[in-house]
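[1] Let's see this in three dimensions:
(chains A and B)
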2 protein chains.
Amino acid sequence: MSNISAELAKKSLEDFAGIIEKHLLAILPDSSGMEEQVVDAMRYALLAGGKRLRPFLVMQSAGLFEVEIEAARRVAIAIECIHTYSLIHDDLPAMDDDDMRRGKPSVHKQFDEATAILAGDALLTTAFEILAHKNTHKDANVRCELVAALAKAAGAIGMVGGQMIDLKAENQSLQLEQIRRMQQMKTGALIVFSCEAGAILAKVTDERHEALVGYAGDIGLAFQIVDDLLDVESNSEDIGKTAGKDAQAGKATLVSLMGVSEAKRAAEALIEDAVSQLELFDEKADVLRSLANFVLHRAH
Amino acid sequence: MSNISAELAKKSLEDFAGIIEKHLLAILPDSSGMEEQVVDAMRYALLAGGKRLRPFLVMQSAGLFEVEIEAARRVAIAIECIHTYSLIHDDLPAMDDDDMRRGKPSVHKQFDEATAILAGDALLTTAFEILAHKNTHKDANVRCELVAALAKAAGAIGMVGGQMIDLKAENQSLQLEQIRRMQQMKTGALIVFSCEAGAILAKVTDERHEALVGYAGDIGLAFQIVDDLLDVESNSEDIGKTAGKDAQAGKATLVSLMGVSEAKRAAEALIEDAVSQLELFDEKADVLRSLANFVLHRAH
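    From the prediction side, this is the model:
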């Protein structure tokens, strides 16, 4: 296990979350027409807080290869647009039906369902517009690779497919392997993209790219296990949404199938593996090492 | 007014609609997992028929510049994915609440609302994945330009913004200019992209590109006026959805504000202008000339 404590990542992540917001706002279209409500809803959702983990991972992975800040930041913003759209749509009554998100009304409660659907659609669309723009990278091949990789991670065999499985799981009990696959699609794919973004921007295709993919797979799954543990252990106030929701819905989770102690052990093993993936990198990867421990220590 | 009758375009469009379906199916991801339902819904929506006007415009505009068929077809499919996603989401209960689409149950009726939202999201995402792929054009700059242009046309200051305005128009009467702007965003922007796609693929940036944009703007608006006329004049059976819906909802349309005769004259003037935009082109543009008349003569 790495001896780099969670504190370094915790502090970096907090600082970053404060900085990224103004860059997120800058991508909203100038609008003074009647369509302004959809832009307002996009802004509301983008500024609703959150850990900003995915854009942070982009900036950190890009930092390993000394990618230009502006390039990394554009990819970071694109991925936060995708993540934000997915939260808006997932919260809809027809999906997870969550009225609250991070202690505030969900977009469809603050506005209405139609606006929430459209704001999600627009954020999803905007992500690709940002990536395709020449300011994202001088080499158009790199920009296309980013578009293709993000689309794959977000689409029917990635995030959207994972959400489909998760919804169907309400009517049938999934096995451990099925839940793991669902999580890899629903949340893992986007975390993998966030971590490999630095390598794509730097045109690094060697084992360092693979190591980042491995690291991301580990922390993504660990993150989910820890989330399930928090879901079991926390109360509504602490996590800003209805706690124990999965348990109430009778849905199997990694934790309900493995048990709390086994789940904790599995998360620890994943974090250990995540850190070992970073052996190829020097101290520039220390924040990522620390982040692995941060993911784990959110829980206990 | 061009003397090329609507028949040429009508026939070409019908032939094309029969051919494009198998290419549409080819873009669906191979899926044998639990997420298959979302892929089934994508397939159902893609195969629900329709005129295939937008992909047809891509093929025709690409044909003016002898762009490779495979490249044009990929862009055509991408735009049909976007159009199909927009229909799925527009039909949702929270949006236009249409249970039928082209005489068949809408996606949310055939499956459920959650699956419809996700299938729309996945189709939107897939469109950009298709455009970014190297088979779409050997020059990555062209692929990025396609992604950026389609994203702009489909996003908050394009199609999504237009739908937002249309929804808000249920609570307030729009003026003629506001309706025109709404239509240009909601349906015009995607038709413009379809027509300029050929020029982008051929890297043509001169007045021929502009002429196609002008042509598209004209036929897009004419198409909408004719749609409103059909909405007033037709019955439910003919057009496969609830007729006179806008009138029932008390929504102002171009036709309700201009009156039927004035609206017909406006559509004719637009078509005349559309054909005149094509003067730069030789007989390769005859199908587009014919199409302009076809758009007009759907109505009377």
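[2] Can you tell me the SS state at A:G50?
    Following DSSP: H, G, I helix; E, B strand; the rest coil, A:G50 is assigned to coil.
[3] Report the buried residues of stretch A:253-269.
    With burial defined by 16 or more other Cβ atoms under 10 Å in any protein chain shown, the residues of stretch A:253-269 counted as buried are A:253-258, A:263-264, A:266-267. The way it works is simple: take the backbone N, C-alpha and C, and place the C-beta from them, glycine included.
[4] I'd like the mean pLDDT over that stretch, please.
    Taken as a whole, stretch A:253-269 has an average pLDDT of 94.
[5] now swap in stretch A:194-206 and tell me
    97.
[6] Tell me if that stretch is near chain B.
    No. Judged by Cβ under 8 Å from any Cβ of the partner chain, stretch A:194-206 stays clear of chain B, getting no closer than 12.3 Å.
[7] which other residues reach that stretch?
    The contact list for stretch A:194-206, computed with Cβ atoms under 8 Å, 6 or more residues apart in numbering or on different chains, reads A:53-55, A:57-58, A:60-67, A:71-72, A:75-76, A:79, A:137, A:139, A:142, A:145-146, A:149, A:208-209, A:212-213, A:215-216.
[8] Drop anything exposed from the residues you listed.
    A:53-55, A:57-58, A:60-65, A:67, A:71-72, A:75-76, A:79, A:137, A:142, A:145-146, A:149, A:208-209, A:212-213, A:215-216.
[9] taking the residues you listed one by one, which sit in helices?
    Among the buried ones among the contacts of stretch A:194-206, DSSP state H puts A:53-55, A:57-58, A:60-64, A:71-72, A:75-76, A:79, A:142, A:145-146, A:149, A:208-209, A:212-213, A:215-216 in helices.
[10] Give the ranges of residues in the stretch 1-150 of chain A that sit below the confidence cut-off.
    For the stretch 1-150 of chain A, the stretches flagged by pLDDT under 70 are A:1-3.
[11] again, only using 90
    A:1-5, A:29-33, A:49 (pLDDT under 90).
[12] That one: strands as residue ranges?
    With strands called from DSSP state E, counting those that start in this stretch, the stretch 1-150 of chain A shows them at A:100-101, A:104-105.
[13] Just name the most buried of those.
    Of those, the one with the most neighbours on average (mean count of other Cβ atoms under 10 Å in any protein chain shown) is strand A:100-101, at a mean of 18.
[14] Can you list the strands that that one pairs with?
    Using DSSP bridges, strand A:100-101 pairs in its sheet with strand A:104-105 (antiparallel).
[15] Now tell me what touches the strand it pairs with from outside.
    A:48-49, A:99, A:110.
[16] Closest one of the residues you listed to A:F16?
    A:G49 (12.9 Å; Cβ to Cβ).
[17] any chance of the strands of the stretch 1-150 of chain A in CSV, plus distance to B:E14?
    Compiled in CSV, these are given as follows (distance: least, Cβ to Cβ, whole Å):
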stretch, distance to B:E14
strand A:100-101, 48
strand A:104-105, 49
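[18] quick one: which of these is nearest A:M185?
    Nearest of the strands of the stretch 1-150 of chain A (Cβ to Cβ): strand A:100-101, 21.4 Å.
[19] Enumerate every residue touching the spatially most central residue of chain A.
    Centroid-nearest residue in chain A, with Cα atoms, centre = their mean: A:R54, separated by 4.6 Å. When contacts are counted by Cβ under 8 Å, 6+ apart, A:R54 is found next to A:76, A:79-80, A:83, A:190-191, A:194.
[20] Tell me which of the strands of the stretch 1-150 of chain A lies nearest to B:I27.
    Nearest to B:I27, of those and by Cβ to Cβ, is strand A:100-101 at 32.8 Å.
[21] wait, A:A285 sits on A:Q277?
    No. Contact criterion Cβ atoms under 8 Å: A:A285 and A:Q277 do not qualify, at 9.5 Å.
[22] just checking, A:R180 touches A:G220?
    No. The criterion here is Cβ under 8 Å, and A:R180 misses it with A:G220 at 10.7 Å.
[23] When these two are compared, which one has more neighbours?
    Taking neighbours as other Cβ atoms under 10 Å in any protein chain shown, A:R180 and A:G220 compare with A:G220 leading, 25 against 17.
[24] still on that earlier bit, PyMOL command to pick out the buried ones of the contacts of A:R54?
    Buried residues within the contacts of A:R54, by 16+ other Cβ under 10 Å, are selected in PyMOL with:
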select buried, chain A and resi 76+79+80+83+190+191+194
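[25] Can you give me the neighbour number for A:L8?
    For A:L8, using other Cβ under 10 Å, the count is 17.
[26] show me the contacts for it.
    A:L8 neighbours (Cβ under 8 Å, 6+ apart): A:286-287, A:290.
[27] between those residues, which is closest to A:A116?
    Using Cβ to Cβ, the contacts of A:L8 come closest to A:A116 at A:V287, 34.2 Å.
[28] Using the three-state scheme, assign the closest one.
    Once three-state DSSP is applied, A:V287 turns out helix.
[29] Would you check that A:C81 makes contact with A:T126?
    Yes. With contact defined as Cβ under 8 Å, A:C81 reaches A:T126; the gap is 5.3 Å.
[30] Burial check on A:P29, number of neighbours?
    Neighbour tally, A:P29, other Cβ under 10 Å: 18.
[31] ok, now A:G49?
    The tally of other residues near A:G49 (other Cβ under 10 Å) stands at 13.
[32] Just give the nearest non-adjacent residue to A:R181, would you?
    For A:R181, ignoring the flanking residues on the chain, the nearest one in space by Cβ to Cβ, 6 or more residues apart in numbering or on different chains is B:G33 at 7.0 Å.
[33] OK, contacts around that neighbour?
    When the contact criterion is Cβ under 8 Å, 6+ apart, the partners of B:G33 are A:161, A:165, A:181.
[34] From those, pick the one nearest chain B.
    A:G161 (3.4 Å; Cβ to the nearest Cβ).
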